[in-house]
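Engineer: Attaching a predicted model along with its sequence, questions to come.
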Amino acid sequence: MAKKPLKPSKKIRILVAKPGLDGHDRGALVLCRAFRDAGMEVIYTGFLATPEQVAQMAIDEDVDVVAMSLLNGAHMTAFPKVAKLIREKGGSDILLVGGGIIPDEDKPLLEKHGITGNFGPGTSLKTIIDHVERVVRERNAKRSR
């Protein structure tokens, strides 16, 4: 007996963002390509986007995930601000992922704001992609119950 074909799943829509004054975008561009190669639909804010612009883009583009990256030390200001603005705009179901130069002592504080991952330099692309796919899959499974 032949198996039924699996229903194709919706592509994950991910916004890669550099919220704030950080002109270093090589890592964000590498992430964009890795997410795309993993089958995700990728939107990139470009660098120097304000937290307000990032939040509005997330809502306007109806993304599943916002992956934020900062190397300038402003993650404790910019990431929580993006999270707050997205929640205020009705995007509480959007997965927020952080990355960049983030000291270990800041990671639990960011997680309290709903920012997951908080990956640093040297984290494998597979680890980041697996995190995004796993959390989105878990959230979708909870919603479909």
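Structural biologist: Perfect, thanks for sending it. Just so it is clear, the model here is predicted, and its values are computed rather than measured. Residues are numbered from 1 along each chain as shown.
Engineer: Can you name every helix or strand that the helix ranked longest in the chain contacts?
Structural biologist: Scanning the chain for the helix with the most residues, using DSSP state H, yields helix 125-143. Contacts defined by 3 or more Cβ pairs under 8 Å, 6 or more residues apart in numbering; DSSP states H and E place helix 125-143 against helix 26-37, strand 65-70, strand 95-100, strand 115-119. (C-beta placed from N, C-alpha, C; glycine too.)
Engineer: which residues sit against the second one?
Structural biologist: Same thing as strand 65-70. For strand 65-70, the external contacting residues (Cβ atoms under 8 Å, 6 or more residues apart in numbering) are 12-20, 22, 27-28, 31, 35, 54, 58, 75, 78-79, 82, 86, 94-101, 115, 128, 132, 136.
Engineer: how close does the spatially most central residue of the chain get to K11?
Structural biologist: Centroid check for the chain by Cα atoms, centre = their mean gives A67 as the closest residue, at 2.2 Å. Going from A67 to K11 by Cβ to Cβ, to the nearest Å gives 15 Å.
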